[in-house]
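**Student:** the following block contains a protein sequence and its predicted model.
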Amino acid sequence: MVNSKVRKLRCGVFIDGSNVVWGSLNMESDVRWFVDYEKIKDYLKLHYKPQFYRFFGAIDTEPKSPVFVEKAKMQARIYAKLEGMGYDVILKPLKYIKQDDGTYKTKGDMDVELSMSAMDSINDLDTFVLFGGDCDYHPLIQRLHSQGKHIRIYSFDALLSWELRTFAIKNTRCSYKTIDSLKDKFEYIKITENVLTNNKTRSNIKK
């Protein structure tokens, strides 16, 4: 529960895109669901006073295979959609690491970029909302807290590190909430043609 005082404070939202996406992909396929970033904005507006929403992600500028080409196109569409929603999208090129068997492993961590962005805003914000549970964010959280800031951490339970979880439990002005527990508020629901047709039919009936 966010108290009324925190709701009035200047707030910045920092989203580690890969952390949120991998949280969904780590689920069993029969329970897998994805977040709706428009719903996230609506939720945050109710609980905080966001000055901005920053989304950090990697972009594939040199895809190595047809499969990666399609993934890159999908990423570009998603990032464009986020910008249309009002997110500040901060990207860096996806890095390919060649394996011994000739295949490639990709790497696109944005923890350094997100942390630097948060520190650049330290004098302009009172509350920092972090979507990301990596232990790499522990030094950032410690520094923000030492400066008297309020910190709210949102992460899928499976990806919330022991360090962040423990710090939030032990320290005032810092708390966490699992994205899993907010499925009813964050879940992306794909609207099918049948749903749209049914809604139009109901609307015509009412008229």
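**Tutor:** Thanks, I have it.

**Student:** quick one: the strands in the protein?
**Tutor:** With strands called from DSSP state E, the chain shows them at 10-16, 49-59, 88-93, 95-98, 104-107, 127-131, 150-155, 174-178.

**Student:** among those strands, which gets the worst mean confidence?
**Tutor:** Lowest mean pLDDT within the strands of the chain: strand 104-107, a mean of 68.

**Student:** adding mean neighbour count and distance to residue 22 as columns, could you present the strands of the chain in a markdown table?
**Tutor:** Backbone N, C-alpha and C define where each C-beta goes, glycine included. Listed next are those as a markdown table, based on neighbours: other Cβ atoms under 10 Å; distance: least, Cβ to Cβ, whole Å:
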| stretch | mean neighbour count | distance to residue 22 |
| --- | --- | --- |
| strand 10-16 | 23 | 9 |
| strand 49-59 | 19 | 12 |
| strand 88-93 | 16 | 17 |
| strand 95-98 | 12 | 16 |
| strand 104-107 | 12 | 12 |
| strand 127-131 | 24 | 12 |
| strand 150-155 | 23 | 11 |
| strand 174-178 | 18 | 15 |
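
**Student:** can you list those in JSON lines and add distance to residue 77?
**Tutor:** Formatted as JSON lines, the strands of the chain follow (distance: least, Cβ to Cβ, whole Å):
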{"stretch": "strand 10-16", "distance to residue 77": "18"}
{"stretch": "strand 49-59", "distance to residue 77": "12"}
{"stretch": "strand 88-93", "distance to residue 77": "12"}
{"stretch": "strand 95-98", "distance to residue 77": "21"}
{"stretch": "strand 104-107", "distance to residue 77": "19"}
{"stretch": "strand 127-131", "distance to residue 77": "21"}
{"stretch": "strand 150-155", "distance to residue 77": "24"}
{"stretch": "strand 174-178", "distance to residue 77": "28"}
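
**Student:** so which of those strands comes closest to residue 66?
**Tutor:** strand 104-107 (13.4 Å; Cβ to Cβ).

**Student:** for the longest helix anywhere in the chain, packing partners?
**Tutor:** When every helix of the chain is counted residue by residue (DSSP state H), the longest turns out to be helix 66-85. Counting contacts by 3 or more Cβ pairs under 8 Å, 6 or more residues apart in numbering; DSSP states H and E, helix 66-85 packs against helix 37-47, strand 49-59, strand 88-93.

**Student:** what's the closest of these to residue 189?
**Tutor:** helix 37-47 (9.1 Å).

**Student:** any idea how far that closest one is from the middle of the chain?
**Tutor:** 12 Å (Cα atoms, centre = their mean, to the nearest Å).

**Student:** residue 56 and residue 20 touch, don't they?
**Tutor:** No - with contact defined as Cβ atoms under 8 Å, residue 56 does not count as touching residue 20 (10.2 Å).

**Student:** hang on, the earlier thing: for the longest helix of the chain, list every residue counted as buried.
**Tutor:** Within helix 66-85, the residues scored as buried using 16 or more other Cβ atoms under 10 Å are 68, 72, 75, 78, 79, 82.

**Student:** what do you get for stretch 154-163?
**Tutor:** So stretch 154-163, judged by 16+ other Cβ under 10 Å, has buried residues 154, 155, 156, 159, 160, 161, 163.

**Student:** low-scoring stretches of the chain, by residue?
**Tutor:** 1-7, 25-30, 102, 105-107, 192-207 (pLDDT under 70).
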